[in-house]
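S.K.: below: sequence and its predicted model.
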Amino acid sequence: MVTGEKKQEILERLKNAVIQYDEDTAKDASKEALDIGMDPNDAIFNGLVSGMEEVGRLFEAQEYFVPELLMCADALYAGLDILKPHVKKMDLGVRGSVVIGTVEGDVHDIGKNIVKMMFDVAGFTVYDLGRDVPLDKFVEEQMKTDSDLVCLSAMMTTTMVGMKKVIEELKTKNPNVKIMIGGAPVSQDIAEKWGADGYAKDANNALKDAINMISSLKKLKEEAEARKS
Ligand code: B12
């Protein structure tokens with residue numbers, strides 16, 4: 001039985017491990033979270049990710065610089081590697097296929113990888129293109145895999161504009177494909193303006209929206225098939 005106090009203590013350790021770029025503590029606290037039966041999702045979002053949010057504030061305050069950010073990311077990944085395989089698989093009744101990646105010029109991949117993890121646990125087939133992905137590659141991969149959904153991540157105002165090009169090209173080549181965008185500088189307004197089908201502010205909402213989009217896409221496909229026969 002996990003006491004609230006013990007859980008809180010582990011969450012604090014996970015958070016501080018990321019802030020203090022301490023990979024060993026990130027690993028130890030992640031293992032302990034699993035040992036005491038904590039929900040790995042809780043440890044990821046309220047521990048590791050919460051630490052990275054604080055790191056963002058330290059960067060803005062010019063207390064941290066790029067080298068610190070890189071080490072904080074390493075600590076986050078050290079914990080994530082341990083927790084991720086234990087996140088419970090969900091059967092939500094909808095299985096889809098998704099192409100995902102961080103757009104060209106942008107190497108931020110933590111958020112994208114967390115969104116990907118949610119799709120994995122929901123049993124989706126995920127084609128992960130990685131980070132700094134040439135814009136044409138998203139279109140190429142969607143055509144090759146005939147995926148239901150394309151997910152674009154961008155963390156910088158300078159790179160997010162690449163999404164607009166990908167959306168335009170994808171919609172021209174395949175009007176049926178659904179496109180979802182996300183990342184810190186992106187918003188619902190931008191998604192609507194650029195013609196994306198969805199925007200989600202975090203990984204949990206990304207999964208919810210993806211399920212809705214894929215369900216409606218499958219329904220449309222079934223109706224089209226029924227009309228043909
Ligand atoms: C860690 C970090 C880095 C690391 C990245 C390591 C890695 N492997 O990812 C490193 C050190 C490489 C880095 C480099 C740089 N960074 Co940086 N970085 C950050 C930082 C601190 C945290 C980002 C993060 O991982 N957050 C945690 C995750 C979990 O959150 P998230 O990414 O937002 O993802 C969630 C949601 O956004 C959403 N989401 C994300 N993607 C998607 C996709 C879809 C489809 C959906 C639906 C949802 C979704 O779901 C996610 C999970 O819930 C942010 C600060 C911040 N506030 O975001 C700056 C930040 C993004 N970086 C910034 C800058 C400026 C840089 C550099 C230019 C710095 C420099 N001088 O070199 C370089 C650029 C390198 C490049 N070409 O890309 C700026 C960008 C400013 C801007 N408006 O353009 C920020 C905002 C910091 C700041 N306040 O100035 N950075």
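M.R.: Noted; the coordinates are in hand. As the structure is a computational prediction, the values presented were derived from the model and not from experiment.

S.K.: only the buried residues of the longest helix seen in the chain, if you could.
M.R.: Counting residues, the longest helix in the chain under DSSP state H turns out to be helix 203-228. Buried positions in helix 203-228, judged by neighbour count with 16 or more other CB atoms under 10 Å: 203, 205, 206, 207, 209, 210, 211, 213, 214, 217. For every residue, glycine as well, the C-beta is placed using N, CA and C.

S.K.: next one: stretch 22-42
M.R.: Buried residues in stretch 22-42, counting neighbours by 16+ other CB under 10 Å, are found at 22-23, 25-30, 32-33, 38-42.

S.K.: residue numbers of this protein in contact with the ligand?
M.R.: Residues of the chain found near the ligand (CB under 6 Å from any ligand atom) are 49, 52, 55-56, 59-60, 66, 69-70, 73, 105-112, 114-115, 151-153, 155-158, 180-185, 200, 202-203, 206.

S.K.: if any of the residues you listed are buried, put those into a ChimeraX selection.
M.R.: Applying 16+ other CB under 10 Å to those, the buried members can be selected in ChimeraX as follows:
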select :49,52,55,69,73,105,106,108,109,110,111,112,114,115,151,152,153,155,156,180,181,182,183,200,203,206
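
S.K.: in helices, which of the residues of the chain next to the ligand fall?
M.R.: Per DSSP H, the subset of those in helices is 52, 55-56, 59-60, 66, 69-70, 73, 110-112, 114-115, 157-158, 203, 206.

S.K.: can you tell me how far the residue lying closest to residue 207 once chain neighbours are set aside is from residue 206?
M.R.: Nearest residue to residue 207 in three dimensions, chain neighbours excluded: residue 118, at 4.3 Å (CB to CB, 6 or more residues apart in numbering). Note on residue 118: its distance to residue 206, by CB to CB, to the nearest Å, is 6 Å.

S.K.: what does residue 143 give?
M.R.: Applying CB to CB, the value for residue 143 to residue 206 is 23 Å.

S.K.: got it, and residue 169?
M.R.: Going from residue 169 to residue 206 by CB to CB gives 22 Å.

S.K.: just checking, what packs against the lowest-mean-pLDDT helix or strand in the chain?
M.R.: Using mean pLDDT, DSSP states H and E, the weakest-scoring helix or strand in the chain turns out to be helix 203-228, at a mean of 89. Judged by 3 or more CB pairs under 8 Å, 6 or more residues apart in numbering; DSSP states H and E, the packing partners of helix 203-228 are helix 110-121, strand 149-153, strand 178-182, strand 198-199.
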